[in-house]
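Undergrad: With the sequence up front, the predicted model follows.
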Protein chains: 2
Amino acid sequence: MTEDSAAPSFSTRGPVLIVGTGLLGTSLALALVAAGVEVQLSDTSPTSLALARDMGAGRVRIDGDVEPRIVVVATPPDVTASVVLHELEAHPGAVVTDVASVKDRIAAEVRAHGGRAARRYVGGHPMAGRERSGAGAADSDLFAGRPWVVVGREADPDAALVVRNLAVDVGATPVRMGAAEHDAAVAAVSHLPQLLSSLLAARLETLPEAALALAGQGLRDTTRIAASDPRLWSAIVVGNAGPVVELLRAVRGDLDLLIDGIALAAPPPDSPQDTASGGAEGIAPGAVGAVTDVMSRGSAGRSRIPGKHGGAPRRYAEVQVLVPDSAGELGRLFSDVGAAGVNIEDFVMEHSAGQRAGLATLSVLPGAAQPLEEALDARGWRVVGA
Amino acid sequence: MTEDSAAPSFSTRGPVLIVGTGLLGTSLALALVAAGVEVQLSDTSPTSLALARDMGAGRVRIDGDVEPRIVVVATPPDVTASVVLHELEAHPGAVVTDVASVKDRIAAEVRAHGGRAARRYVGGHPMAGRERSGAGAADSDLFAGRPWVVVGREADPDAALVVRNLAVDVGATPVRMGAAEHDAAVAAVSHLPQLLSSLLAARLETLPEAALALAGQGLRDTTRIAASDPRLWSAIVVGNAGPVVELLRAVRGDLDLLIDGIALAAPPPDSPQDTASGGAEGIAPGAVGAVTDVMSRGSAGRSRIPGKHGGAPRRYAEVQVLVPDSAGELGRLFSDVGAAGVNIEDFVMEHSAGQRAGLATLSVLPGAAQPLEEALDARGWRVVGA
């Protein structure tokens, strides 16, 4: 094997060791395997490790295996720094990177204790994830088209290049940032949404079931990430406490204005609301103003999120079908889809108790949507919005 | 045309007048037209009215037209009560209903000023909407499978029945509730999510673009409804001020705990964070505890939302199966599930190009999980975690 003279001193053409086979580690391993890279896996949990291996994410690293060229630490963020330090020592020829959601504290700890080896560490953060965790939720496309922050100003430039190439290999877009700049950014675009989603969902804990039955897509969307792992997120938030607290205080300021404003329109607690008190009365303008102010600023903020209409670019077309709530209907739908010769890329079934029909969303390649709608319509399915 | 003697005194077999051709009014009109019902349209805005008519939502009502059997008031909530009162007087043979998001204040005002005619008023609230407004965003399927709250305890029982039938005619599921019960429910499942989404999105107004470029699906989902119309929502929130303020105060209590907790882990503002200070230090447990507490309660609350990804009132068991990435495999899976005689309550497919296998999660009644796993295993499927 010859080596091109222009090649970086750290090559990506060698085994990549993934330490931690959770969602991110396993997804990265799957993507690398798909790109033809040899992947070695390591995890303190034999169950997680076996699942990742069985999903095709690589082989379990054993003593005597060829040395990795890159080590990716994909552990929870509260132990990332110590694992990075350990891997720097264990693999003196490797670039070591991580995928943790906070960067400043980890970089500081690695620099404080890593000596010269710390120059082989390059902080990384792929902006990808989901509310579910573990190898079972892994997805080789998790990084496709996503930003991958590379924090390498203090590192060997060749090492930083290796990590940038790793990101490119799995379809991500590398983005250079300083550690503090990264941490302030993710506090706003990731950590604050997580905490507000949890604060909102916490109000549902004791809500009557009849009220929950009225839940719609708005509540589902705003609380989706509230299902995330509290242990993982506690470590993330605590690791980025400064920027997070600053944002939470700003939210509290707006919340106070909102409460004070809306309270002007609320009836006193002891007055039965049996006469018309709302509408155009003198107390309402202050309340309207408070809500309008926060909502207008929210609308302006929302509109700044990149992407068409603020939404994620869609690779697939969606076909929505109403499915009657009775045994075998979903199976019949899939038989009919199969008979139409269309492969389903993604499928989501929304189905609530007490509802006469569930809504199935089938994601298909854009060219397949119309033929599928026609085929299902011909077989008597109610295709929504066709 | 003969009339069945058991028929209610208000028939649904007559023209329906829709007053207000915004998103809800036009969507309802389109759905009724699709169901073969004659629809008359009215709006103070000639532009909106013409758009709704051109979309096929019915004809514009003119003087001398046949009297409507049902009038649906679909105006902004701050004028709903006065429009309802006007329509009760203008159409003395009609049932009058509305689609406003708040019910208690409207009902009180109609009762206070409507006299005997108020018994022809039945409050209604279809739990459907989108972040876009206006006739142009209308969708005849907007109500399909959605709950439609009917508040008719103070109304003529026949009138309430007419409104229930109207809901059924457009594919919705009527749900009986009292006005106060409704308002408390929507404060939690609709108004609070709206306000927290706006509070979150307001933080993006001044965020650097480099930070916004890191936005992912979590931020998009949590802020989607922040794009909603501030004017409409101000009226909704002010009309439901009591229940909304109560919830906002509870959120503030949790937010205070969160801020106080996380602040324990934040470095003092004037100390450069150049040494490792996070992790297992003495200050961290309080911070971790605060975040874990809110997130755990949020996760519990989230899991109570009926339907997909939120668990269900009946708890379903999940069976996870690896599905090879080739055409027809998903169809084959459903055939095999069907052959096993098991009904699928919910289904999520996580499947991406470039991955050798996608993960299908099938929700079934608890007793059906093990037989299904065995049946699928016998047919050669890889059942995960079985």
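TA: Noted; the coordinates are in hand.
Undergrad: Could you report the neighbour count for A:Trp148?
TA: 23 (other Cβ atoms under 10 Å in any protein chain shown). All C-beta atoms are positioned from the backbone trio N, CA, C, and that covers glycine.
Undergrad: my guess is A:Pro92 meets A:Gly115, correct?
TA: No - at 11.7 Å, A:Pro92 does not count as touching A:Gly115 under the criterion of Cβ atoms under 8 Å.
Undergrad: The two: who's more crowded?
TA: Neighbours per residue, other Cβ under 10 Å: of A:Pro92 and A:Gly115, the larger number sits with A:Gly115, 12 against 9.
Undergrad: any idea how far A:Asp98 is from that one?
TA: 18 Å (Cβ to Cβ, to the nearest Å).
Undergrad: ok, the residue positioned nearest the centre of chain A - contacts?
TA: Residue closest to the average C-alpha location in chain A (Cα atoms, centre = their mean): A:Gly129, at 2.7 Å. For A:Gly129, the contacting residues are A:Leu23, A:Leu24, A:Leu142, B:Gly216, B:Gly218, by Cβ atoms under 8 Å, 6 or more residues apart in numbering or on different chains.
Undergrad: The first one touches A:Pro126, doesn't it?
TA: Which is A:Leu23. No - in this structure A:Leu23 lies outside contact range of A:Pro126 using Cβ under 8 Å: 10.9 Å.
Undergrad: can you list residues touching both of these two?
TA: A:Leu142.
Undergrad: What is the three-state secondary structure of A:Thr361?
TA: Classification of A:Thr361 by DSSP: H, G, I helix; E, B strand; the rest coil places it in strand.
Undergrad: Could you list everything it pairs with in the sheet?
TA: The partner list for A:Thr361 in beta bridges (DSSP bridges) reads A:Gln320, A:Val348.
Undergrad: Could you report the neighbour count for it?
TA: 15.
Undergrad: mind checking pLDDT for it?
TA: With respect to pLDDT, A:Thr361 has a value of 81.
Undergrad: for A:Ile106, same thing?
TA: pLDDT, A:Ile106: 96.
Undergrad: do A:Gly136 as well
TA: 86.
Undergrad: SS state for the residue nearest to the centre of chain A?
TA: Relying on three-state DSSP, one would call A:Gly129 coil.
Undergrad: how far away is it from A:Ala138?
TA: 11 Å.
Undergrad: Ok, A:Glu154 next?
TA: 31 Å.
Undergrad: Likewise for A:Leu257?
TA: 43 Å.
Undergrad: neighbour count winner among the two?
TA: Set A:Leu257 next to A:Ala138 and count neighbours by other Cβ under 10 Å: A:Ala138 wins out with 29 against 15.
Undergrad: I figured that one hits A:Ser27, correct?
TA: Yes - contact criterion Cβ under 8 Å: A:Ala138 and A:Ser27 qualify, at 4.3 Å.
Undergrad: List the buried residues for the lengthiest helix in chain A?
TA: Ranked by residue count under DSSP state H, the longest helix found in chain A is helix A:241-263. Across helix A:241-263, burial judged by 16 or more other Cβ atoms under 10 Å in any protein chain shown covers A:241-248, A:250-252, A:254-255, A:258-259, A:261-263.
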